[in-house]
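Asker: Coordinates only, no sequence provided:
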């Protein structure tokens, strides 16, 4: 097998190394898979830099997500030829991996492996934002910033599927029409003028749910569009600025503030809930109702080019390793 490993924390282009090694004998309950696709996520890069929420023992291999084809199985639930995604960190920046069957979720035959490889994080995060805290009524509004992000785009598609309207903040005006074509009900530029426009469009009482991936003033604009007793959920911090919550919003609106890390949800959810959520997302992906854009694919050997592209602005989607 080949894998991208690191023995010290630091900038990924400097510390990653392509290694070749033999896989050990497959243990009882284990599954050996050939990796078909694995995304380059910001969290993967933070993991290598040592700035993520957890630090691995070194040496380590990055890769939060991926889709693989089973080539050998000692778990009765999986057979050679099955395609599966990894629900826990499984070092997917590799040509092959061996994991316990418990960390896998079998996906339907015929699903695009590149799309399946991106199912774990963004679509599940979007679904939990929409349904995991409070199920909004059909026809009601939710509001989000970073609407052009991977999660934001999934929120738009999933909200449309359950009849919920979306108010979306973006940083660049050229994204407005693009997101409307995706299914967004209304899109405004993230600023005070956009906030005024959003208030006029939404009217009273406001949104029951607000999703924040930015922080700072952008998070405050989301708060200002919420109805009384609404829930403000933070799942990212792109601006690297904390939330500043005005006293009046707490006192007079009684807003509730929560956080979401999809890794924790996966760890705590029941098997039945996991099967229901990922089954729904996989079927939507298979039918074309939920498609995540792919900007470029690279073999493991060309990882330096993949890292450069993943850090460039103006990408049209994810960068993926396709060994």
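Answerer: Everything's here; your move. Bear in mind the structure is a predicted one, so any value in this text is a computation, not a measurement.

Asker: Check this structure and tell me which residue is nearest its centre.
Answerer: Nearest to the mean C-alpha position of the chain, counting by CA atoms, centre = their mean, stands residue 122 at 2.1 Å.

Asker: How much space separates that residue from residue 285?
Answerer: Using CB to CB, to the nearest Å, residue 122 is found at 11 Å from residue 285. For glycine as for every other residue, the C-beta is placed from the backbone atoms N, C-alpha and C.

Asker: Quick one: residues contacting residue 38.
Answerer: Neighbour list for residue 38: 63, 65-67, 92-94, 117, 320-321, 323 [criterion: CB atoms under 8 Å, 6 or more residues apart in numbering].

Asker: How about the backbone phi and psi for it?
Answerer: When read as degrees, to the nearest 10, the backbone of residue 38 gives phi -150, psi 120.

Asker: List the beta-bridge partners for it.
Answerer: Beta-bridge pairing for residue 38 (DSSP bridges): residue 321.

Asker: before we move on, the earlier item: could I get the contacts of residue 38 as CSV with secondary structure?
Answerer: Formatted as CSV, these follow (DSSP: H, G, I helix; E, B strand; the rest coil):
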residue, secondary structure
63, coil
65, coil
66, coil
67, strand
92, coil
93, coil
94, strand
117, helix
320, strand
321, strand
323, coil
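
Asker: nearest to residue 111, of those residues?
Answerer: residue 67 (8.2 Å; CB to CB).

Asker: From residue 320, how far out is the closest one?
Answerer: In this view, residue 67 and residue 320 are 10 Å apart by CB to CB.

Asker: For the stretch 201-323 of the chain, which segments count as strands?
Answerer: Applying DSSP state E, counting those that start in this stretch to the stretch 201-323 of the chain gives strands spanning 207-212, 226-234, 256-259, 294-298, 318-321.

Asker: elements contacting the last one?
Answerer: Applying 3 or more CB pairs under 8 Å, 6 or more residues apart in numbering; DSSP states H and E, we find strand 318-321 packed against strand 30-39, strand 294-298, helix 303-310.

Asker: what angle sits between the second one and strand 30-39?
Answerer: For strand 294-298 and strand 30-39, the angle between their directions (axes from the mean of the first three to the mean of the last three CA atoms, to 10 degrees) works out to 120 degrees.

Asker: What residues sit buried inside strand 294-298?
Answerer: In terms of neighbour count (16 or more other CB atoms under 10 Å), strand 294-298 has its buried residues at 294, 296, 298.

Asker: What helices and strands are in contact with it?
Answerer: Contact partners of strand 294-298 among helices and strands, from 3+ CB pairs under 8 Å, 6+ apart: helix 303-310, strand 318-321.

Asker: how about JSON lines for these, with mean pLDDT and distance to residue 210 added?
Answerer: Output for the helices and strands packed on strand 294-298, formatted as JSON lines (pLDDT from 0 to 100; distance: least, CB to CB, whole Å):
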{"stretch": "helix 303-310", "mean pLDDT": "96", "distance to residue 210": "29"}
{"stretch": "strand 318-321", "mean pLDDT": "96", "distance to residue 210": "25"}
